[in-house]
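Asker: Here is a sequence with its predicted model. Questions after.
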Amino acid sequence: MTPFPDRFQELRNLLRSYEVTGYAFDDSPDRPGAALAAYLRQAAYQPGRAAVAVAEIDDLLSKGLFNEEIADDIDLLPHINPLSGTSVESCLRLICEHLTRFLESPHLPPRAGPETTWEWKERFPELSHLFGAYFHQDFASEYASHKEAMDDYLDGVSEQDLRKATTEIQQFLHLNKEDTSLRDAARTLGLRISPPAGVSLRR
């Protein structure tokens with residue numbers, strides 16, 4: 001069975017970044033706002049994403065927001081509030097302009113850590129999955145120990161994702177050299193329990 005095409009998948013990911021603004025556009029012609037800046041920092045690691053987002057915005061605008069052909073696809077997108085006196089279409093065009101400028105002169109990957117929750121989870125997706133799915137607030141009702149939770153994760157993870165998790169952990173520790181920032185960032189990724197007694201989070 002052929003999977004249903006996800007027409008605006010990358011645009012949906014981009015618009016989810018706007019959670020940081022309460023799902024309101026905050027971009028200006030001169031500079032991207034907090035949400036789009038976070039997306040562009042992430043795109044510096046994967047420039048192809050910005051190109052896909054531009055293509056999807058062009059596709060959407062060419063069809064029109066109220067075109068019945070794409071109504072179901074539009075319903076899947078986060079609902080963003082345009083700036084006063086503007087339309088959603090004009091805000092999307094402005095996003096597209098910033099993305100196009102980025103593609104014409106790509107940014108170097110940032111040395112500093114992510115600045116928004118969306119950005120942390122996009123930067124470390126497998127680590128976010130590990131924390132959020134196995135070391136969450138209901139941990140005690142599902143597992144008798146940290147080892148049991150880790151064994152459960154290892155039983156189901158693919159070799160590719162395991163390698164990805166290993167790389168992400170190394171990068172995560174490198175970015176968070178202070179224990180306070182490490183703890184805060186881990187919580188942002190979904191970690192809700194403390195390490196075993198006598199074991200530091202960094203270890």
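Answerer: Now that the structure is in, tell me what you want to look at.
Asker: List the buried residues in the helix or strand containing L14.
Answerer: Applying DSSP states H and E as the criterion places L14 in helix 9-16. The neighbour-count check on helix 9-16 (16 or more other CB atoms under 10 Å) flags E10, L11, R12, N13, L14, L15, R16 as buried. Where C-beta positions appear, they are placed from N, C-alpha and C, glycine not excepted.
Asker: Repeat that for stretch 143-150.
Answerer: In stretch 143-150, counting by 16+ other CB under 10 Å, buried: Y143, H146, A149.
Asker: those helices in this protein, which residues are they?
Answerer: Using DSSP state H, the helices of the chain run over 9-16, 34-43, 48-63, 71-75, 88-104, 117-123, 125-134, 139-142, 146-156, 159-175, 179-188.
Asker: ok, so of the buried residues of stretch 143-150, who is nearest A197?
Answerer: Closest approach to A197 among the buried residues of stretch 143-150 (CB to CB): H146, at 10.2 Å.
Asker: Quick check: L83 touching F25?
Answerer: Yes - with contact defined as CB atoms under 8 Å, L83 counts as touching F25 (5.3 Å).
Asker: Point out where the chain drops to low pLDDT.
Answerer: In the predicted model of the chain, residues 1-4 satisfy pLDDT under 70.
Asker: okay, which residue is most central for it?
Answerer: Of all residues in the chain, the one closest to the mean position by CA atoms, centre = their mean is E122, 3.1 Å from it.
Asker: I figured that residue hits Q42, correct?
Answerer: Yes - counting by CB under 8 Å, E122 touches Q42, with 4.9 Å between them.
Asker: tell me, what's touching these two both at once?
Answerer: P114 (CB atoms under 8 Å, 6 or more residues apart in numbering).
Asker: now the helix holding L14 against helix 88-104, angle please.
Answerer: 110 degrees (axes from the mean of the first three to the mean of the last three CA atoms, to 10 degrees).
Asker: Quick one: list the elements packing against helix 9-16.
Answerer: helix 48-63 (3 or more CB pairs under 8 Å, 6 or more residues apart in numbering; DSSP states H and E).
Asker: Identify each buried residue in the helix it packs on, please.
Answerer: Using 16+ other CB under 10 Å as the test for burial, helix 48-63 gives R49, A50, A51, V52, A53, V54, E56, I57, L60, K63.
Asker: A197: which of those residues is nearest?
Answerer: Distance to A197, by CB to CB, is smallest for R49 among the buried residues of helix 48-63, at 41.7 Å.
Asker: which residues touch the nearest residue to the closest one once chain neighbours are set aside?
Answerer: In space, and not counting its chain neighbours, R49 is closest to A43: 5.1 Å by CB to CB, 6 or more residues apart in numbering. Contact partners of A43, counting by CB under 8 Å, 6+ apart, are R49, A50, L99, F102, H107.
Asker: Quick check: of the residues you listed, which lies closest to D72?
Answerer: Nearest to D72 among the contacts of A43 is R49, at 23.2 Å by CB to CB.
Asker: isn't that closest one right next to E10, touching?
Answerer: Yes - R49 lies in contact with E10 (CB under 8 Å); the separation is 5.9 Å.
Asker: I'd like to check which residues are in contact with S181.
Answerer: S181 makes contact with G113, according to CB under 8 Å, 6+ apart.
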